[in-house]
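> Just to be clear, the model below is a prediction. Sequence and coordinates:
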Amino acid sequence: MGRIEQMISVDLFDRSDESQILKAARLLALNFESYKDSGEEEVLECMAPGMILVSAVLDGNLVGWAGARPHYGGNVWEIHPMVVDSCHRLKGVGRRLLQRLETEVRDRGALTLYAGSDDEDFMTSLSDSCIYDNLWKKIADVRNYKGHPFEFYIKCGFSIIGIMPDANGRRKPDIILGKEVR
């Protein structure tokens, strides 16, 4: 574990801290175009009963956060969303958030943790082609052209378990990654 990674505190989100809620919304809006006008709404949705919300804090500053929601009677939990401040990426923050989420969902009886990782900007070989032709070969041979986050999940023990073609428009799939919770 690196020096900065050791200094990061990853805990359940303090739902009573309104300033952290606003910081989480701003972080989401700055890092995802789709949340530009709805960051606070998404944070509040992640704070609903039955949801999990974890935060990564460094020197009192929120540097990342992630939510999880149950599906299939709690056997499967979806990571949604996960965001790390761009200046703190590649420093272990995302991995630590995932580890904490995995612990939290395991404690709630989960068997699987999964995430959808959109390819809206043609960052992988799965976009900009007809995904239905030789689907499993395309998944097996997937290439990362522009730093798509699916490789981050793979490094954290996830596997590609499916693709949702055209999820973000024609030939812009959502890559579904899953991991058995142990």
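Cool, the structure landed. This structure is a prediction, so every number in the text was calculated from the model and none was measured.

> residue contacts, Arg106?
Neighbouring residues of Arg106 by C-beta atoms under 8 Å, 6 or more residues apart in numbering: Val181, Arg182. Just so you know, the C-beta spots here come from the backbone N, C-alpha and C atoms, and that holds for glycine as well.

> The chain - how does it break down into domains?
With domains defined by automatic domain parsing, the chain comprises 1-90, 111-182.

> May I see the buried residues of the longest strand belonging to the chain?
Longest strand of the chain, by residue count under DSSP state E: strand 61-71. Across strand 61-71, burial judged by 16 or more other C-beta atoms under 10 Å covers Leu62, Val63, Gly64, Trp65, Ala66, Gly67, Ala68, Arg69, Pro70.

> from those, which single one is nearest Ser55?
Trp65 (4.5 Å; C-beta to C-beta).

> contacting residues around the longest strand of the chain?
So strand 61-71 is contacted by 8, 13, 20, 23-24, 27, 46, 50-57, 76-85, 88, 93-94, 97-98, 100-101, 104-105, 108, 110, 113 (C-beta under 8 Å, 6+ apart).

> to the chain's geometric centre, what's the distance from that strand?
Relative to the chain's own centre, strand 61-71 is displaced by 8 Å; criterion: C-alpha atoms, centre = their mean, to the nearest Å.

> then it to PDB, C-alphas only?
Extracted in PDB, the C-alpha atoms of strand 61-71 (Å, rounded to 0.1, in the frame of the first residue of the first chain):
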ATOM      1  CA  ASN A  61     -11.400  16.200   1.700                       C
ATOM      2  CA  LEU A  62     -13.700  13.900  -0.100                       C
ATOM      3  CA  VAL A  63     -11.700  12.300  -2.900                       C
ATOM      4  CA  GLY A  64     -14.100   9.500  -3.900                       C
ATOM      5  CA  TRP A  65     -17.300   7.700  -3.100                       C
ATOM      6  CA  ALA A  66     -19.300   4.800  -4.200                       C
ATOM      7  CA  GLY A  67     -22.900   3.500  -3.800                       C
ATOM      8  CA  ALA A  68     -24.400   0.000  -4.000                       C
ATOM      9  CA  ARG A  69     -27.900  -1.200  -4.400                       C
ATOM     10  CA  PRO A  70     -29.400  -4.600  -3.900                       C
ATOM     11  CA  HIS A  71     -31.000  -6.700  -6.600                       C
END
